[in-house]
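J.: curious how this folds, go ahead:
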Amino acid sequence: MSKVTVPFLFVNPKSYLWGKESLELALACDKISAETGVMLFFTCPYADIRLIAENTKHVVVTAQNMDSLKPGRGMGAVLPESLVEAGAKAVVLNHAENQKTLAELFACITRAKELGLITIVCADSTTESKAVAELGADVILAEPTALIGTGTTADASYTVECCKEIKKVNPDTKVMIASGITTGEDVYKVVYYGADGSGSTSGIVNATSRAGRVNEMVVALLKAMEDRK
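T.: As a prediction, the model looks like this:
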């Protein structure tokens, strides 16, 4: 059973923010999550996981990747146990900027489940999304790779089809549509058309007020869920 509550927002600064700037945004997200009850995933560089985890209470601190190895040899690899020990509660796998083979992806999902980490697994097409659902991902981040960072969102038909087909495979899997998401209006549209959540990188990082943009997106999430009923 997924531990993810709906709707949710994925705040993903990637490697644009680190240290104090990353913590500043995380603290703002923590406050928004506390006030609204919306689950906010917050990614940060590995070296900042403990910093963020020890200074927040409500955001889901999320590692940007991990490897499937177990304690022992593995110089330079990302040990799942080390992420958990640092305070991570979720992990992103198979992002377009850090893709995995099918065998390694399945091994990583299995290791994450052993350690209680929520898995957010990226997929490009509806076909890939269905395959990832078969692997048991908690959240599928369905996004056309070509649209990442462009400010152009996938059309409504992509959202509707992805959500419908993923739920057919595994009704418990949550669906996130996020490529090109820049504003609250973008968030509203994908959630209204069936997504369980959304997320953004450049739309938040490049905003005049990052905290303001996150709040705008959370408000849009909640309105879309209400209007969808």
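J.: the helices in the protein, which residues?
T.: Using DSSP state H, the helices of the chain run over residues 19-36, 49-55, 80-86, 102-115, 126-134, 156-169, 184-192, 202-205, 210-228.
J.: so can I have TSV of those helices showing mean neighbour count?
T.: C-betas here are computed from N, CA, C, even on glycine. Output for these, formatted as TSV (neighbours: other CB atoms under 10 Å):
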stretch	mean neighbour count
helix 19-36	18
helix 49-55	18
helix 80-86	18
helix 102-115	17
helix 126-134	19
helix 156-169	17
helix 184-192	23
helix 202-205	22
helix 210-228	19
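J.: which one of those helices lies nearest to residue 66?
T.: When these are compared by CB to CB, helix 80-86 sits nearest residue 66, at 5.0 Å.
J.: what is the closest one packed up against?
T.: helix 49-55, helix 102-115 (3 or more CB pairs under 8 Å, 6 or more residues apart in numbering; DSSP states H and E).
J.: got a markdown table for the helices of the chain, with mean pLDDT and distance to residue 95 too?
T.: Formatted as a markdown table, the helices of the chain follow (pLDDT from 0 to 100; distance: least, CB to CB, whole Å):
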| stretch | mean pLDDT | distance to residue 95 |
| --- | --- | --- |
| helix 19-36 | 98 | 18 |
| helix 49-55 | 98 | 17 |
| helix 80-86 | 98 | 16 |
| helix 102-115 | 96 | 11 |
| helix 126-134 | 91 | 12 |
| helix 156-169 | 90 | 17 |
| helix 184-192 | 95 | 18 |
| helix 202-205 | 95 | 15 |
| helix 210-228 | 97 | 20 |
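J.: and those helices as a markdown table, adding distance to residue 66?
T.: Converted to a markdown table, the helices of the chain look like this (distance: least, CB to CB, whole Å):
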| stretch | distance to residue 66 |
| --- | --- |
| helix 19-36 | 19 |
| helix 49-55 | 11 |
| helix 80-86 | 5 |
| helix 102-115 | 6 |
| helix 126-134 | 16 |
| helix 156-169 | 23 |
| helix 184-192 | 27 |
| helix 202-205 | 23 |
| helix 210-228 | 25 |
